[in-house]
Structures are given as C-alpha cells and as structure tokens.
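Participant: Quick check, what structure comes out for this input:
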Amino acid sequence: MALKRLLDTSAYSELKRGNRAVASLVRDSEHLYFSCVVAGELLYGFRCGGRYEQNSRELQQFIARPFVTLLDVTLTTADRFGRVARGLRNKGTPLPSNDIWVAAHAMECGAELVSLDQHFAQVDGLAWVLPGG
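Facilitator: Numbers count the residues shown, from 1 in each chain. So this is what the prediction gives:
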C-alpha cells in the first residue's frame, strides 16, 4: 500500500521554514495530497504579507509536482465534513471549520494528515501525524 499524506497549512508553512521532521514525512511519502482549503488559507496569508508573488509562485510550483494532487471540494467531501462536524459537536470538541474540511479531505482520500495542530486528535477515524511527535 502506498503511503499517502495530506499537508495542512501548518505543515506546509513548516516545510517552507525548513522543518526537518516535516521534510522527512514529505520525502517518505509516495503521494501527497493538498486541499484547496489549505491553498486558500495560505493564499490569504500570503496576501497579508509582503512577499505575495514569491510565496504564491512557490506554492504553485509545489502543487505542480507530479506526486502532488490538489483536491477540490466534492459532495463526498461535504458529506464527510458533515459527519466529522457532527461527531465533534456531539463530543463537545469543536474545531475551526476549515480544519474540519481539511480532515474531511484527508479521510476522503485515505491519507494521513500531517499537521502541527494537536486538535486534530479529536477527530475520530482520522489518521493524523504530528511531525517530530
């Protein structure tokens, strides 16, 4: 079975900062998925900074790599989002909406989610990897 991973916003940011644990997880992956929700969060952050053009170009180059697949939101993703959000609500452990979408994408494509955000541990059925953890 191929090792598939999905990078969230914190993992991509740390990869760009040279985080060795994240880089190792990326290198050891046979395929990387990238959520359009994560792309949106990053592009927003780039627009708030002073290096939008450079950061945007680097993101586009990363996504264009042959082992990276950009995931669109589909009805299946939306259904998974609804299930995850309901489960979190029932447990009394809500997450930011964008993070629920990212978790739904990881679950939909059967990938481990690479994130430094510990609240992903609250998502039942999610394969979550904490770099260096």
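Participant: What average pLDDT does the lengthiest helix in the chain get?
Facilitator: In the chain, taking DSSP state H as the definition, the longest helix is helix 75-91. The pLDDT scores in helix 75-91 average 97.
Participant: Just want the angle from the following helix or strand past that helix to helix 75-91.
Facilitator: The first helix or strand that comes after helix 75-91 along the chain, using DSSP states H and E, is helix 97-109. Orientation of helix 97-109 against helix 75-91 (axes from the mean of the first three to the mean of the last three CA atoms, to 10 degrees) gives an angle of 120 degrees.
Participant: Helix 97-109 - contacts with which helices or strands?
Facilitator: strand 4-7, strand 31-35, helix 36-48, strand 68-71, helix 75-91, strand 112-114 (3 or more CB pairs under 8 Å, 6 or more residues apart in numbering; DSSP states H and E). The way it works is simple: take the backbone N, C-alpha and C, and place the C-beta from them, glycine included.
Participant: Rebuild these as TSV, extending it with distance to Ala21 and mean neighbour count.
Facilitator: Converted to TSV, these look like this (distance: least, CB to CB, whole Å; neighbours: other CB atoms under 10 Å):
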stretch	distance to Ala21	mean neighbour count
strand 4-7	13	24
strand 31-35	15	22
helix 36-48	18	16
strand 68-71	19	16
helix 75-91	26	15
strand 112-114	9	23
